[in-house]
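Here you go, sequence then predicted model.
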Amino acid sequence: MKNTRTLRIWGGFWLLLLLLFVFILWNIFAGSVSLSASDIWRILLGGDVGFTQSQIIVKIRLPRLLSALILGGALSLSGYLLQTFFHNPIAGPFVLGISSGAKLTVCMALLLLLSQGRATSSAVLIAAAFVGAMLSMGFVLLISQRVKRMSLLVVCGVMIGYICSALTDFLVTFADDSSIVNLHNWSLGSFSGMSWENVKTMTLVCGVTLLLTFLLSKPIRAYQLGEVYAQNMGVPLRAFRTALILLSSVLSACVTAFAGPISFVGIAVPHLMKSLFKSAEPLFMIPACFLGGGVFCLFCDLIARTAFAPTEVSISSVTAVFGAPIVIYMMIHRKAA
């Protein structure tokens, strides 16, 4: 039995790494401009193929695929933390309105800075998104104290998301024409336009948050077995819950600041990982959710930019198409079980 479990875990991680490798190569090669394998290989090794070809790979495709990998993993891990906190399998940053709250404050910050002719920085966007995420989370926590059924909490979270999205649309509608161009694609969800500076910032923020989350593996496992059990094991519940909220909000804020709201990744991927590994052990689930989210977003971004090329579909639309059926299946299967 133990050997079977070990094989399943190792097999799961090797499968994720294989899919990651395949989708990274696919994202490098796929695009409206066709490049040969030899040219791409020479560009990656620093060879001289041509200015335009080098710019396409180095300045466009590589930062974009790394952003999809990092932010997809962050969003999936954020969903896993929220599901742990609320003991609710359909809790996630998008469903609970946290992403929409972050989107609203980032939109306000962008419009304010653009109206003053000031440049935006990654740190400002993440800070603005974190404020919005925490405000939305605060409303969700207040509601959670008043309702006993978790289904009502999810409904309230969806309503908070609708309100924040409506306010964001209102701001975009009355923004200057120059501002609308920058805001429209972002507000729908997109990995386009990523720079190496953005990649460095998100790597730092998400890397530190991932490490801190991994250090909480044992308290998370105790909390999953019940609050009474966690207390008996010496877990300080108030500090632990605060840590879960802060970590999930930082991850959601980072994703929203750079890519806008992305739906269903935070719900679907943790479910897929639990089904793949047949385990809820945080020691395995934390890296699995991060890898799985990255693979899922690499695949969806590939579809978003190539399926109807040269027209690009918003990443949130593609993640909804593939993520929503997974959530529906999981919920029906869970209820039947």
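Structure's in. What do you need?

residues contacting A166?
Contacts for A166 (C-beta atoms under 8 Å, 6 or more residues apart in numbering) come out as none. In short, each C-beta sits where N, CA and C put it, glycine included.

okay, it: pLDDT?
Note on A166: pLDDT of 88.

How about L210?
With respect to pLDDT, L210 scores 94.

so it sits right up against L77, yeah?
Yes. Between L210 and L77 there is a contact at 6.7 Å, judged by C-beta atoms under 8 Å.

any idea which helix or strand comes after the host helix or strand of W10?
Per DSSP states H and E: W10 is located in helix 2-29. Next in sequence after helix 2-29, counting helices and strands by DSSP H and E, comes helix 37-44.

For the helix or strand just after that following helix, what is the distance to the chain centroid?
Next helix or strand after helix 37-44 toward the C-terminus (DSSP H and E): helix 51-55. On the basis of C-alpha atoms, centre = their mean, to the nearest Å, helix 51-55 is displaced by 30 Å from the centre of the chain it belongs to.

What average pLDDT does the helix or strand just after helix 51-55 get?
Later in the chain than helix 51-55, the nearest helix or strand by DSSP H and E is helix 62-86. Helix 62-86 comes out with an average pLDDT of 93.

so helix 62-86 versus helix 2-29, what angle?
Compare the direction of helix 62-86 with that of helix 2-29 by axes from the mean of the first three to the mean of the last three C-alpha atoms, to 10 degrees and you get 140 degrees.

Following the chain past helix 62-86, name the next helix or strand.
helix 98-115.

what's that following helix packed up against?
Under the contact definition 3 or more C-beta pairs under 8 Å, 6 or more residues apart in numbering; DSSP states H and E, helix 98-115 sits against helix 122-146, helix 150-173, helix 177-188, helix 237-259.

how much does it deviate in direction from helix 237-259?
Going by the same axes, to 10 degrees, helix 98-115 makes 50 degrees with helix 237-259.

In helix 98-115, which residues are buried?
For helix 98-115, a neighbour-count test (16 or more other C-beta atoms under 10 Å) marks 98-111, 113-114 as buried.
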